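Asks: need a structure here:
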Amino acid sequence: MKKIITIAFAIIFCFGLNAQDFVFTQFHLSPLNLSPALAGGTDNYRLAINYRGNSGGLVGVFNTVGGISLDGPIELSDYDKIGVGVRAAFDRMGSLSFTQSAFTIALAYERRLFKNSEKVHTISVGFDGGLGQTSIDFTNAVSPMPITGGGLSTNFPDFSTGIAYKLKFTPEAQFLIGLSIGHLFEPDSRIEGFTNNGIERRFSAHAEVDFIIGQNFWVTPRAYYWSRNGIDLFTGITSMKYRRNTQIFEIGIGLKGNSVSDNTEVVLLGGFEYKDLKFGISRDLNVSAIQNVIGDTYEGSVIYEF
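Replies: Residues are numbered from 1 along each chain as shown. Down below sits the predicted model:
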């Protein structure tokens, strides 16, 4: 029992590392959570919805993450545009419903490079800012201390920035790479007596490329790296895509890991596109020694352009 409790606290710690960063396995379907530089990165308005949860395992450590964003472009010329977007997200964990949430507004500037090239090269820089909140709900708390319900919360301003480069080979195939810095001013998210530190500055990088291997087939490797306070997280996924008329089918497999615990996960990914609608599902299968304790994670994402 003592060992399980120790592992449980380690799991809570690991989940807490992601708090306020809203890290999704399907990061490619969560553009404004990935980087503010991706705001307005399509030709249309874009609505993205993401949800992530885990099965809890033996110790019942449940963690849910959700996000919704809306963004779109404002054309300035044939070579320049501004992207604007809004984002709301939450990360909730445990019986105390320890929750971190955010509401931000993103602004990006995109510039086309090599204007005489047949392929479309663009570079974009973005910035977002808004309000974050940390809260604890005692309603369902199980504690030896007398707690009658209610909760505590604190609000704080939060800002991020990013840069991205994109090369479009065809309307469906592209190369994308970007960097972002989150929590620029390391906001104070503490709740006195419960949380001891604020949010450290976060660095992340992402990349993906489509390799066309036939008239209707292509392979897409994707990678995401996240680093904060000396802790690193890694995600790598490779997908096969097949186009049939106006539909695109996708299946993928990948790995996830981090620098602080032996908690490796195998990612199984499925996706479907039909005209302006994209849908993705994934399952993170925990293959580490604590699989039965921590459980697996599932995720669903939807993007609609209009």
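Asks: Tell me where the model's unsure across the stretch 1-150 of the chain.
Replies: 1-20, 55-62, 94-97, 140-150 (pLDDT under 70).
Asks: Quick one: the strands in the stretch 101-250 of the chain, in order.
Replies: Per DSSP state E, counting those that start in this stretch, the stretch 101-250 of the chain carries strands over the ranges 120-137, 151-168, 174-182, 202-209, 211-212, 217-228, 231-244, 247-258.
Asks: So for Tyr45, which of the ones you listed sits nearest?
Replies: Nearest of the strands of the stretch 101-250 of the chain to Tyr45, taken as CB to CB: strand 120-137 at 16.6 Å. All C-beta atoms are positioned from the backbone trio N, CA, C, and that covers glycine.
Asks: In a markdown table: the strands of the stretch 101-250 of the chain, plus distance to Asp284 and mean neighbour count.
Replies: Formatted as a markdown table, the strands of the stretch 101-250 of the chain follow (distance: least, CB to CB, whole Å; neighbours: other CB atoms under 10 Å):
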| stretch | distance to Asp284 | mean neighbour count |
| --- | --- | --- |
| strand 120-137 | 25 | 19 |
| strand 151-168 | 25 | 18 |
| strand 174-182 | 22 | 19 |
| strand 202-209 | 18 | 18 |
| strand 211-212 | 25 | 14 |
| strand 217-228 | 13 | 18 |
| strand 231-244 | 9 | 17 |
| strand 247-258 | 6 | 16 |
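Asks: how about the ones you listed, which one is nearest Asp188?
Replies: Judged by CB to CB, the one of these that comes nearest to Asp188 is strand 151-168, at 5.9 Å.
Asks: ok, back up a step: can the strands of the stretch 101-250 of the chain go into CSV with extra columns for distance to Leu29?
Replies: Shown next, in CSV, are the strands of the stretch 101-250 of the chain (distance: least, CB to CB, whole Å):
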stretch, distance to Leu29
strand 120-137, 18
strand 151-168, 16
strand 174-182, 13
strand 202-209, 11
strand 211-212, 20
strand 217-228, 11
strand 231-244, 12
strand 247-258, 11
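Asks: which residues are contacting the helix or strand hosting Arg52?
Replies: Using DSSP states H and E, the element containing Arg52 is strand 46-54. The contact list for strand 46-54 (CB atoms under 8 Å, 6 or more residues apart in numbering) reads 24-26, 29-33, 61-72, 294-306.
Asks: In ChimeraX, how would I select just the buried ones from those residues?
Replies: Buried subset of the contacts of strand 46-54, written as a ChimeraX selection, criterion 16 or more other CB atoms under 10 Å:
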select :24,25,26,29,30,31,32,33,61,62,63,65,66,67,68,69,70,71,72,294,295,296,297,298,299,301,303
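Asks: need the contact list for the nearest residue to Ser301 once chain neighbours are set aside.
Replies: In this structure, Ser301 finds its nearest non-sequential neighbour in Leu29, 3.8 Å apart by CB to CB, 6 or more residues apart in numbering. Each residue near Leu29 by CB under 8 Å, 6+ apart is listed here: 48, 50, 278, 280, 301-303.
Asks: for Phe103, same thing?
Replies: With contacts defined as CB under 8 Å, 6+ apart, Phe103 is in contact with 86-88, 130-131.
Asks: is it possible to export those to TSV including distance to Arg111?
Replies: Below are the contacts of Phe103 laid out as TSV (distance: CB to CB, whole Å):
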residue	distance to Arg111
Val86	23
Arg87	23
Ala88	28
Gly130	25
Leu131	30
